[in-house]
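# pasting the structure only:
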């Protein structure tokens with residue numbers, strides 16, 4: 001039996017109507033769309049983590065190595081144990097909470113914050129093994145489950161359009177079309193690449209998204225060679241904020257110093273963080289990490305699985321305990337190595353749209369993370385605006401999931417609509433799910449349809465209310 005036949009048998013290509021070439025293309029696509037985290041995660045965490053005897057650049061390099069290793073380990077588990085096409089890495093939002101709220105805002109040592117991540121991961125592993133996480137996710141109201149995909153789509157669109165410099169932050173309207181669009185080569189190249197990718201996809205060209213990413217990056221390099229440069233980042237005359245961007249592919253960050261590969265100051269640092277901690281404050285930090293990670297992962301798995309056609313007739317993902325265990329293991333290993341919470345990535349939808357249906361897609365992603373250690377980080381060669389056109393493409397495609405919702409039933413429309421709207425406008429998958437779950441039993445009660453509400457729905461709603469109180473009511477600050 002050849003290698004192709006062995007892989008086909010192990011990952012069950014026939015059962016999922018896929019083949020090795022499709023899975024490899026899907027894995028490359030997912031890797032490229034989530035590869036930005038190799039650059040972004042170290043830059044965020046480096047603001048809070050300072051290692052004695054290491055320069056700032058060396059610390060960033062160490063964090064990049066840790067990011068790659070933790071992403072690879074978690075995604076390997078997803079591939080070989082869960083057999084699902086989902087990529088994993090340290091999560092955006094969770095790393096910001098780690099750095100800006102816990103360490104810089106509350107003054108908690110970064111070692112203690114890492115300890116909280118490790119404890120959270122261990123709790124996740126126990127709950128997953130006991131089936132508790134799967135049970136809670138199955139309590140998600142049906143309209144919320146079917147709305148998650150559309151909400152994630154809008155969430156992706158905002159991230160992608162901002163990275164492409166098509167939209168900018170505005171003090172009056174919060175977000176607007178870039179007032180210097182026609183003067184900014186990054187924005188123009190991005191939109192050209194986006195529409196070419198849409199055209200390729202509509203034509204049914206295999207690997208259209210990855211072709212669009214690479215082609216857009218190459219076009220940016222050509223435009224740069226002609227002497228054009230990005231419009232300067234910063235505040236524009238109307239008060240809006242243009243994010244920084246590089247036009248041409250860059251190889252500057254592919255060089256590592258020996259000290260950058262030595263992660264010993266980070267690996268195991270969580271152990272010292274367990275000493276001399278305030279039990280109450282520490283438990284609140286663990287609770288917050290736990291809550292956001294739990295529902296971010298649940299929402300991502302549900303939304304991407306809806307695109308892949310994995311959900312059953314009740315909107316549940318069969319054998320969800322396996323990808324949840326991969327997430328729990330990734331979080332635990334990541335915290336032990338020295339990074340914030342690892343989670344399943346919504347960018348996995350890009351690989352699913354390319355046809356990825358099995359763990360082979362995730363295996364390719366994991367292998368590329370490992371390979372990137374040799375030329376760290378490989379993803380930095382692709383400008384962010386180029387990789388993020390994939391997010392806008394996927395956002396458009398994910399909106400089609402909203403047709404599964406019974407919009408004529410107001411008691412379904414309210415929780416579904418809130419889920420879709422709150423996600424992008426609060427920049428949080430978890431908050432969108434929270435809004436939908438809290439609304440569901442309330443509108444059902446008001447409509448006199450309490451027979452459709454289970455006790456678990458009220459428990460989930462109450463848990464989210466408690467979470468918001470802890471997260472935004474100043475409880476954490478007062479406990480420290």
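Looks like it came in fine. All of these numbers come straight from a predicted model, not from anything done at the bench.

# show me which positions of the helix ranked longest in the chain end up buried.
Counting residues, the longest helix found in the chain (DSSP state H) is helix 279-308. By neighbour count on 16 or more other C-beta atoms under 10 Å, the buried set for helix 279-308 is 281-282, 284-308. Where you see a C-beta, it was placed from the backbone N, CA and C, and this is true even at glycine.

# once you drop chain neighbours, what's closest to residue 316?
residue 138 (5.6 Å; C-beta to C-beta, 6 or more residues apart in numbering).

# mind checking how far that neighbour is from residue 431?
Residue 138 sits 21 Å away from residue 431, going by C-beta to C-beta, to the nearest Å.

# now residue 139
Taking C-beta to C-beta, one finds residue 139 at 18 Å from residue 431.

# which one's more surrounded, those two?
residue 431 (25 against 14; other C-beta atoms under 10 Å).

# where does that one land in three-state SS?
Secondary structure of residue 431, reduced to three states by DSSP: H, G, I helix; E, B strand; the rest coil: helix.

# now do the same end-to-end measure for stretch 87-96.
In terms of C-alpha to C-alpha, to the nearest Å, the two terminal residues of stretch 87-96 are separated by 20 Å.

# how about residues contacting that stretch?
30-31, 34, 37-38, 40-41, 44-45, 67, 70-71, 74-75, 78, 289, 292-293, 296, 326-327, 330, 334, 339-345, 347-348, 351, 362, 365, 369, 427-428 (C-beta atoms under 8 Å, 6 or more residues apart in numbering).

# apply 6 Å and report the result again.
Residues outside stretch 87-96 that contact it (C-beta atoms under 6 Å, 6 or more residues apart in numbering) are 30, 34, 37, 41, 44-45, 67, 71, 74-75, 78, 330, 339-345, 348, 365.

# any idea of the mean pLDDT in that stretch?
The average of the pLDDT scores along stretch 87-96 is 84.

# which ones are touching residue 51?
By C-beta under 6 Å, 6+ apart, the contact set of residue 51 is 59, 265.

# again, but for residue 25
By C-beta under 6 Å, 6+ apart, the contact set of residue 25 is 207, 354.

# and it, how far is that from residue 353?
According to C-beta to C-beta, residue 25 and residue 353 sit 11 Å apart.

# over to residue 102?
35 Å.

# of those two, which one has the most company?
Using other C-beta under 10 Å as the criterion, residue 102 and residue 353 rank with residue 102 on top: 25 against 22.

# host element of residue 322?
Here residue 322 sits within helix 321-337, counting by DSSP states H and E.

# what's that helix in contact with?
66, 69-70, 73-74, 77-78, 81-82, 84, 88, 114, 117-118, 121-122, 124-125, 128, 133-134, 267, 270, 297, 301, 341-342, 344.

# just the buried ones from these, in ChimeraX syntax?
Entered in ChimeraX, the line below selects the buried ones among these, by 16+ other C-beta under 10 Å:
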select :66,69,70,73,74,77,78,82,84,88,114,117,118,121,124,125,128,133,134,270,297,301,341,342,344
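
# next step: the contacts of helix 321-337 restricted to strands.
Counting by DSSP state E, the part of the contacts of helix 321-337 found in strands is 88, 342, 344.

# which strand residues bridge the last one?
Following DSSP bridges, residue 344 is listed with bridge partners residue 88.

# and the angle for the longest helix of the chain with helix 321-337?
Orientation check (axes from the mean of the first three to the mean of the last three C-alpha atoms, to 10 degrees): helix 279-308 against helix 321-337 gives 140 degrees.

# packing partners of helix 279-308?
If contacts are counted by 3 or more C-beta pairs under 6 Å, 6 or more residues apart in numbering; DSSP states H and E, helix 279-308 sits against helix 110-129, helix 142-163, strand 342-344, helix 348-353, helix 429-446, helix 475-479.
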